[in-house]
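Colleague: Output the structure for:
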Amino acid sequence: MAGSQLMVLVMLVVGSYAGCPEPSVLKNVTTGETVCARLYEDADVLYDRCCGGGYFDIKSPADVPFIERFWNDRASSLVVGPRCELTVWNKRNKRGNRRKFRTGIQYRLEEAGKGLFGNWDNSITSYYCICK
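Modeller: I've put the predicted structure just below:
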């Protein structure tokens, strides 16, 4: 492997482990608007490596009965903005199990219980998000 190829590989690996942002700095990078919540596709056993991969911003207010195809059942980490609350369901039309996340970071949705034996990793299908 050439030196430049190795450097690109190292940059990709390091870039994919960015860590979760603090809720107070949660803003849309393009518009600068405050974000109600941000869903991330990757988590890791180490908290400082969570919130990696792609992400999906949720504005306030948002009432979504079914997440678009790519993001349906894909979130593994999330951050909820200041004075905001994200309610999620694991089925269409806000049915099934429900969970509320308030301002803060959920590093691993695998650690958020759903029912007796389940967890919220790759399980969010619909949501409601509001900021006060």
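Colleague: Need the three-state assignment for Leu78.
Modeller: When the structure is reduced to helix, strand and coil (DSSP: H, G, I helix; E, B strand; the rest coil), Leu78 reads as strand.
Colleague: should've said Arg69
Modeller: coil.
Colleague: what's the closest non-adjacent residue to the residue nearest the centre of the chain?
Modeller: Among the residues of the chain, Leu39 comes closest to the average C-alpha position under Cα atoms, centre = their mean, at 1.8 Å. If you skip the residues right next to it in sequence, Leu39 has Ala75 as its closest partner in space, 3.9 Å away by Cβ to Cβ, 6 or more residues apart in numbering. All C-beta spots, glycine's among them, are computed from the backbone N, C-alpha and C.
Colleague: Helix or strand: which one has the one you found?
Modeller: Ala75 belongs to no helix or strand when elements are defined using DSSP states H and E.
Colleague: Show the pLDDT at it.
Modeller: Ala75 carries a pLDDT score of 95 in this model.
Colleague: Please report phi then psi for it.
Modeller: For Ala75, the backbone dihedrals are phi -70, psi 140 (criterion: degrees, to the nearest 10).
Colleague: dump the residue contacts of Asn28.
Modeller: Asn28 is in contact with 34-35, 57, counting by Cβ atoms under 8 Å, 6 or more residues apart in numbering.
Colleague: Count residues in the vicinity of Arg85, would you?
Modeller: Not Arg; residue 85 is Glu. Glu85 has 18 neighbours, counted by other Cβ atoms under 10 Å.
Colleague: Repeat that for Arg99.
Modeller: Close neighbours of Arg99, defined as other Cβ under 10 Å, add up to 19.
Colleague: what's the answer for the one 5 residues further on, then?
Modeller: Counted by other Cβ under 10 Å, the residues lying close to Gly104 total 15.
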